[in-house]
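In: Below: sequence and its predicted model.
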Amino acid sequence: MVSVFQESVRWEHCQRFGSILNIGAVIGDLMLGLILGLLGTKKAVAFLTIPYVASWLMCLYPSSVTMVLAGRLLAGLCVDLRALVSVMYMNDFASKELRGRLQSLSMVFMNIGSILCYASGLFLDWAGIALFNDMPSPDFLAKVVESAEDKKEPHDCLPQENGDTEKAKLKEISKTGSIRQVLAAFFLSTSGLMYGFTVTYTAVAIPSWTEDSDAPFNMTTNDISLHGSIINVGAVIGAVLVGIIVTSLGTKKVVALLTIPYIVGWLMCLYPSSVSMVLAGRLLAGLSADSRTLVSLMYLNDFVSKELRGRLQSLAMVFMNVGNILCYAFGLFLDWSGIALFNAIFPIPLAMITYYFPEAPTHLLEKGSELTALRNLSYYRGNIAQSVLVAEFEEKKADLARKRRREAGGIKDLMSPIYIRPMLICLAVAFFRQTCGIFSILAFTVDIFDMTGTSMNPYVASIIMSSLQLVSQLFSASLADKFGRKRFTLFSLFVCGSSQGIFGVYYFLKSKPDYATTMEGLGIIPLVALITLMMGYGMGLYNCHYSIPLEILPVKIRTQAMSICMVLNAAVCFVVVLSFYSMTESALGMHGTFWTYGCSCLILFLIIAIYVPESRGMTLAEVERKMSESALEKMNRKRAATMPKHH
């Protein structure tokens, strides 16, 4: 094994590596008085960044284990001391009304830092994480050991005459190519961040709006329901437009341009003159955020390697959950207008970066630019064997040729016997995923937690719920390619359905006079059920409406079929969110509403278990062939059964 150190890495080093941070923290605490006396809190916060950066450079370019441990000690000293001094500085000016919430903000960001660090561990090695300057300590040396085993020169990745060709192919994705794929996926997946803010905004904005004596106008219950649901009308419009504009402009430009209506929508929410203007802004934000997420995944699917596809696809949904967490966290100290202002500003640099990405290879092939398409595919794949790159490129050309040969059929192809099965599966997934009621819960989380009667701050409860959901997303993302995405989705549906059933039982018993008093003392049950529900959602249900259609829909109908699926997905979501208060206030009650959602989980479980194939380790072309062969076999059996028998 080749090591980055002259000495071998032993597991006792890992133990020291994880614990030495605390020695640095002790030293930092002893130096606190001296540093504050010399510099004051503001200068100390700025100054402590310098040794922090130096410590990570020592971890990035280590000559020995001792140097790594010294870097970790210095990092522990700086980060602990800087966090403490920052809170002291903040305490000095924060008003008593905001002090408690602002103090908790550093803990929220600490949690987000840990989550992002584990997410980075899915895609980057120890050096990449050190460069990013954020890592979970026990895993660092483990990644050094693991990556040292895989360290090869580029020429070693080529198939050898006397070696195992298949094994060589597994190593062909170079470090450069993988990092480019991950970086592109990272910036593209910020669409999920935008969508997370858009979905969760109602949950934090409406309580703030209601309490704001200076709010431009009052909102009725119907206005609030529309505020939470109308983003799905925008998503319907966006899904209809996506197929047209992607064909004309290409996925890369569409991702960048969709930022414009997103910003305009949030400015309308920031400076509203009427309820209609707020709803129009929400509609625009929903149109752009949902469409941008979909097109980003289409772009990503066009160049990502099959080894990374599952994990990188899940990144957008991880960012969606980060958006939820940040929105709830902002709700602790910002009102409705402050959150709207943030959302109008932060996408601008993201759009500028995305615009300079290379165009997707498939779009370039459609426009006849074969050389540029091959160059762009090579850019994302790095220094891999030429034969493998050319084979994949030829496969893309063949897919495009098949699509063009059949283009005369147009929309009629969607009803072709070969395509009708995957089309119906995707429509069923889109429909029942939304009737599971997850987006009703996300849109009205704070109100739902208030209804449970828990003594916990509903914003804090929402942050905990979304954080645990994000942990479950990262867990499933890290293991999806090993155990299969289908398996995780089925487990996700089981957990969601069970949690909704328990939630419904609690409210059913609470509505009965004989059990009402007992249930009041068990308010922890609905809280735990909701948190478990959202953790289950993060296991696989969260992205099945994207991942399943993108994998099983044939390339010939993929764009049109995805648009139809997204229209249905958004339309059903609009109805489900809009009807939430009506359902809970009707004869169904809270228990009947959640039991209805749970039944949808059961139906979707059966559909995926029976009809959706496992795509782990398969290229998109292989998945398409499998679905087509299954449809042809069914057609042949039916034809054979109807043919007259000759004696």
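Out: Looks like it arrived, so ask away. Numbering: from 1, shown residues only.

In: right, and Asn569 touches His545 too?
Out: Yes. At 5.4 Å, Asn569 counts as touching His545 under the criterion of CB atoms under 8 Å. Yep, even glycine has a C-beta here, placed from its N, CA and C like the rest.

In: Pull up the overlap in contacts between those two.
Out: Common neighbours of Asn569 and His545, counting by CB atoms under 8 Å, 6 or more residues apart in numbering, are 430, 433.

In: which one of the two has more residues nearby?
Out: Taking neighbours as other CB atoms under 10 Å, Asn569 and His545 compare with Asn569 leading, 27 against 22.

In: what helix or strand does the more buried one sit in?
Out: Here Asn569, judged by DSSP states H and E, is contained in helix 558-578.

In: Next, give phi and psi for Val555.
Out: With angles defined as degrees, to the nearest 10, Val555 sits at phi -60, psi -30.

In: so it makes contact with Arg625?
Out: No. Using CB under 8 Å, Val555 is not in contact with Arg625; the gap is 11.3 Å.

In: How is this protein divided into domains?
Out: For the chain, automatic domain parsing gives the domain ranges 11-101+131-144, 174-357, 359-405, 411-640.

In: Could you single out the most deeply buried of those?
Out: Of all the domains of the chain, domain 174-357 has the most neighbours on average by mean count of other CB atoms under 10 Å, namely a mean of 21.

In: how far does the helix or strand Ile353 falls within sit from the chain's center?
Out: For Ile353, the host element (DSSP H and E) is helix 347-355. Relative to its parent chain, helix 347-355 has a centroid offset of 18 Å by CA atoms, centre = their mean, to the nearest Å.

In: and that helix, what does it pack onto?
Out: For helix 347-355, the packing partners by 3 or more CB pairs under 8 Å, 6 or more residues apart in numbering; DSSP states H and E come out as helix 175-188, helix 190-211, helix 251-257, helix 259-270.

In: ok, 7 Å please
Out: When contacts are defined as 3 or more CB pairs under 7 Å, 6 or more residues apart in numbering; DSSP states H and E, helix 347-355 sits against helix 175-188, helix 251-257, helix 259-270.

In: counting contacts, what elements does the longest one pack onto?
Out: Under the contact criterion of 3+ CB pairs under 7 Å, 6+ apart, the helices and strands touching helix 175-188 comprise helix 275-303, helix 306-330, helix 347-355, helix 370-381.

In: State the mean pLDDT of the second one.
Out: What that stands for is helix 306-330. Here helix 306-330 scores 80 as its mean pLDDT.

In: Now do the strands for the chain: every range, in order, please.
Out: Remark: no strands are assigned in the chain by DSSP state E.

In: Name all residues that make contact with the residue nearest the centre of it.
Out: Residue closest to the average C-alpha location in the chain (CA atoms, centre = their mean): Met317, at 1.5 Å. Contact analysis of Met317 by CB atoms under 7 Å, 6 or more residues apart in numbering lists 192, 473, 542-543.

In: If you drop the residues flanking it in sequence, what lies closest to it?
Out: Nearest residue to Met317, sequence neighbours excluded (CB to CB, 6 or more residues apart in numbering): Asn543, at 4.3 Å.

In: mind checking how far that neighbour is from Ser248?
Out: Separation of Asn543 from Ser248 (CB to CB, to the nearest Å): 27 Å.

In: Ok, Asn218 next?
Out: 43 Å.

In: Over to Phe303?
Out: Relative to Ser248, Phe303 is positioned 20 Å away (CB to CB).

In: Next: Gly265.
Out: As defined by CB to CB, Gly265 lies at a distance of 23 Å from Ser248.

In: Could you do Leu606 as well?
Out: For Leu606, the distance to Ser248 (CB to CB) stands at 40 Å.

In: Settle this for me: Val567 is touching Ala235, isn't it.
Out: No. Using CB atoms under 7 Å, Val567 is not in contact with Ala235, being 8.2 Å away.

In: wait, Ser225 sits on Leu578?
Out: Yes. In this structure, Ser225 is within contact of Leu578 by CB under 7 Å, at 5.2 Å.

In: quick one, phi/psi of Ser369?
Out: Torsion angles at Ser369 (phi, psi; degrees, to the nearest 10) stand at phi -100, psi 70.

In: whoops, Leu553 was the one
Out: Per-residue torsions, Leu553: phi -80, psi 130 (degrees, to the nearest 10).

In: which residues touch it?
Out: Leu553 sits next to 422, 426, 561-562 when contact means CB under 7 Å, 6+ apart.

In: closest to Ile50 among these?
Out: Ile50 lies nearest to Met562 out of these, by CB to CB, at 49.2 Å.

In: Contacts only, for the closest one.
Out: Listed by CB under 7 Å, 6+ apart, the contact partners of Met562 are 294, 549, 553.

In: Could you rerun that using 8 Å?
Out: Contact analysis of Met562 by CB under 8 Å, 6+ apart lists 239, 242-243, 294, 298, 549-550, 553.
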